[in-house]
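Trainee: Model the following, please.
(one chain, ligands or ions: 1)
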Amino acid sequence: MSLLVVGSVAFDAVETPFGKRERMLGGSATHFSLSASFFTDVRVVGVVGADFGQEQLDVFARHEVDTGDLERVPDGDTFFWRGRYDYDLNTAHTLDTQLNVFADFKPKLSDASRQSRFVFLGNIQPDLQREVRAQVAGAELVALDTMNYWINTVPDSVMQTIGGVHIVIINDAEARQLSGEPNLIRAARKILDAGPQALVIKRGEHGAALFTRESYFAIPAYPLESVFDPTGAGDTFAGGFMGYLASHETIDDAAMRRAMIYGSVMASFNVEEFGTERVDRLTHEEINERFRMFKRMTHFEEIPFERAVRASK
Ligand code: AMP
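Mentor: I've put the predicted structure just below:
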């Protein structure tokens, strides 16, 4: 089942306590589409400049991501983001954002893209997210991500976009900022009140939680000893989550929970190396192994209290 993503396709400069890269392939749509490509067919809508070369296109091609709707502006530069992480790898510090070709981007979807049943509105100017949303009016499931940059600069537009999607996938700091609520449970309720049916809150090394009006589900992060670069972890999570759902006929609570696990599995690989390097050469067996590990890690036997205390009393 085809999954459409709109978002940034970028060059990133990233510094972490463990190393740095001056220019690597990045962007929300890039990380999302590579991750989702392990589960389903993916089309990417975005824009790049003349500096975006064959080497970058080859990364998408290796994963059979359809770049037919990736516009190329011959006299422009690709979106550029520079960020730094301190020892607390959960927080990205933005040092520079150059919108470049994104400043005048008007997403134009091909007929095939307009027919997509599953859509992810990746991190991008929220007015653009709504423009894409309007072009896929018949989509069965539309999810969205955003970030502090847009919540700070155009909060009303972010809220308006949220009102028109089924699932919101954001991190805990963004959920607090967006809702104006320090308590995450209340923050989640406020965001759900704006319209979406489900909310996924990513909590970095502390895992992720899924909120609907009726249920709550939370999982830990995969226990990794070495994390090199968290850039793109959120989008890689969203790619696994949406990719898994798009490969399914029925989307019920059980499928949503498994999607949370696949999202976490994919994100756990992404952070092991810089940029897209690790996910680019991931295998199905590696994904399966971590999925099974999540099952073992979170499984416990339910027993009545009387049986639990009998041995010690
Ligand atoms: P995340 O998954 O949240 O770590 O997202 C990382 C990606 O977001 C990076 O590869 C950046 O290129 C991209 N990014 C950073 N700032 C923005 C922005 N303001 N709009 C769109 N994409 C951005």
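Trainee: What about residue 85, how many residues nearby?
Mentor: 20 (other C-beta atoms under 10 Å). Yep, even glycine has a C-beta here, placed from its N, CA and C like the rest.
Trainee: any idea how far it lies from residue 226?
Mentor: To residue 226, residue 85 is 14 Å away according to C-beta to C-beta, to the nearest Å.
Trainee: Can you pull up the residues of the stretch 101-250 of the chain that come close to the ligand?
Mentor: 123, 124, 147, 149, 231, 232, 233, 234, 235 (C-beta under 6 Å from any ligand atom).
Trainee: switch to 8 Å and redo it
Mentor: 102, 122-125, 145, 147, 149-150, 171, 230-238 (C-beta under 8 Å from any ligand atom).
Trainee: Let me see the contact set for the residue of the stretch 201-313 of the chain found nearest the ligand.
Mentor: Going by C-beta to the nearest ligand atom, the ligand is nearest to residue 234 of the stretch 201-313 of the chain, at 3.3 Å. By C-beta atoms under 8 Å, 6 or more residues apart in numbering, residue 234 lies in contact with 31, 123, 145, 169, 171, 202, 267.
Trainee: Surely the first one touches residue 237?
Mentor: No. The pair residue 31 / residue 237 is not scored as a contact, 9.1 Å apart, by C-beta atoms under 8 Å.
Trainee: neighbour count winner among those two?
Mentor: Using other C-beta under 10 Å, the more surrounded residue of residue 31 and residue 237 is residue 31, with 34 against 30.
Trainee: Got the confidence number for that one?
Mentor: pLDDT, residue 31: 98.
Trainee: Mind pulling the model confidence for whatever residue of the stretch 1-150 of the chain ends up closest to the ligand?
Mentor: Taking C-beta to the nearest ligand atom, the ligand has its nearest neighbour within the stretch 1-150 of the chain at residue 26, 3.0 Å off. Predicted confidence (pLDDT) for residue 26: 98.
Trainee: can you offset everything so residue one is 11?
Mentor: OK, 11 is where the count begins now, so the last one is residue 36.
Trainee: Kindly state the pLDDT recorded for the closest residue to it other than its chain neighbours?
Mentor: By the measure of C-beta to C-beta, 6 or more residues apart in numbering, the closest residue to residue 36 outside its immediate chain neighbours is residue 22, 3.3 Å from it. The per-residue pLDDT reported for residue 22 equals 98.
Trainee: what packs against the helix or strand containing residue 22?
Mentor: Assigned by DSSP states H and E, residue 22 belongs to strand 20-26. Applying 3 or more C-beta pairs under 8 Å, 6 or more residues apart in numbering; DSSP states H and E, one finds that strand 20-26 contacts strand 29-36, strand 89-95.
Trainee: in the biggest helix by length in the chain, what's buried?
Mentor: Longest helix in the chain, counting residues (DSSP state H): helix 263-280. Neighbour-count burial for helix 263-280, counted by 16 or more other C-beta atoms under 10 Å, picks out 266, 268-280.
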